[in-house]
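Q: Show me how the following folds:
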Amino acid sequence: MNTERIRTVVIQETQLKAFEDYLYERENARATIQKYKSDAATFLRYLGNERRVDKSRVLAYKEWLVTHYAVSSVNSMLASVNQFLIFLECRELTVKPLKVQRSLFLKEEKELSKEEYRKLVKTARQEGKEQIALCMETIAATGIRISELRYFTVEKVKKGRIEICNKGKYRRIFLTDDIRKKLLHYCKTAGVREGQIFVTRTGKPKDRSNLWKEMKRLKEKAGVCASKIFPHNFRHLFARVYYTCTKDLAGLADLLGHSSLNVTRIYTSNTGEVYQKQLEKMTALRI
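A: Model (predicted):
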């Protein structure tokens, strides 16, 4: 790796592992590390055998991404590559993300309704999949991130308080009495006496990947569109319901663990259908 401030760098395969170690030492979340590493590996595959990189090659990669991925994915992958280049001390080779006009409303085909949520949970229980049903209920009742399921232990649930300290930030997850009782009942019937509650058959913590696969299998019997079934959507559902009931955006930001209210506003966005109905009620300007 050439550390001089020049416009070209030769990337070695071994630097990908060094990048992973760097992210780990920086205390990035495990999912973030995997995402950055995967995207950096995609960049290396694009480069092929010629690993001499200048700004023009990074820009060419950006154009290639546009022809193969959705805009949101392009920007996400570029962010990872930029971090990789910064790690290589080649900040001058980083590129700007695509400009995207912020949507004022959610897409109806992506929003999970309360009724659809109930159908998914009910179907999971009918299929004998109590753990996945309780996963969905827990996320929807608390607004946690999928990665935070690992903090749910028998001991903490019994205390009625889930405390998280991640990257120097402390946050408390509040449990309703209903979800606490359901979690303890599951632990008793499933024979989970201590430690993490949501684990696989081999004892490993449930993650985004296996949760997503299990949820997707419910789509046909539940009658819910596959595009709406992904773990993070239950967090969005929690946010919309909480804000509808309280109109407390600052409180919701605290519950979700957001440092910016602008991020929280995205979670509380309505669909275009809701805006259409609101416009229809505006009769004051009608002639």
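
Q: where does the stretch 51-200 of the chain dip in pLDDT?
A: Scanning the stretch 51-200 of the chain for pLDDT under 70 picks out 101-109, 166-168.

Q: change it to 50
A: In the predicted model of the stretch 51-200 of the chain, residues 104-105 satisfy pLDDT under 50.

Q: how about the helices in it?
A: 55-68, 71-87, 114-126, 130-142, 154-159, 177-190 (DSSP state H, counting those that start in this stretch).

Q: what's the third one packed up against?
A: So that's helix 114-126. helix 130-142, helix 219-222, helix 232-246 (3 or more C-beta pairs under 8 Å, 6 or more residues apart in numbering; DSSP states H and E). Every residue, glycine included, has its C-beta placed from N, CA and C.

Q: one more time with 6 Å, if that's ok
A: helix 130-142, helix 219-222 (3 or more C-beta pairs under 6 Å, 6 or more residues apart in numbering; DSSP states H and E).

Q: Just name the most buried of the ones you listed.
A: Across the helices and strands packed on helix 114-126, averaging neighbours per residue (mean count of other C-beta atoms under 10 Å) puts helix 130-142 on top, at a mean of 22.

Q: still on that earlier bit, show me the one of the helices of the stretch 51-200 of the chain that comes nearest Lys213.
A: Across the helices of the stretch 51-200 of the chain, Lys213 has its closest neighbour in helix 130-142 (9.9 Å, C-beta to C-beta).

Q: Minimum distance to Lys119: which of the helices and strands packed on helix 114-126 has it?
A: Among the helices and strands packed on helix 114-126, helix 219-222 sits nearest to Lys119 (C-beta to C-beta), with 4.5 Å.

Q: Identify whichever of the helices of the stretch 51-200 of the chain lies nearest to Tyr170.
A: Closest among the helices of the stretch 51-200 of the chain, using C-beta to C-beta: helix 154-159, at 14.3 Å.

Q: which other residues reach the closest one?
A: Ile162, Leu183, Cys187, Glu194 (C-beta atoms under 6 Å, 6 or more residues apart in numbering).

Q: now swap in stretch 51-70 and tell me
A: Arg7, Thr8, Val9, Val10, Ile11, Tyr46, Val74, Met77, Leu93, Val95.

Q: Nearest to Gln34, out of those residues: which one, please.
A: Using C-beta to C-beta, the contacts of stretch 51-70 come closest to Gln34 at Met77, 13.4 Å.

Q: how many neighbours does the closest one have?
A: Counted with other C-beta atoms under 10 Å, the neighbours of Met77 add up to 23.

Q: With Leu184 instead?
A: Leu184 has 16 nearby residues by other C-beta under 10 Å.

Q: which residues sit in contact with the nearest residue to Ile173 once chain neighbours are set aside?
A: Spatially, and ignoring its direct neighbours in sequence, Ile173 is nearest to Ile162 (3.9 Å; C-beta to C-beta, 6 or more residues apart in numbering). By C-beta under 6 Å, 6+ apart, the contact set of Ile162 is Tyr151, Lys156, Ile173.

Q: contacting residues for the first one?
A: Pointing back at Tyr151 there. Ile162, Ile164.
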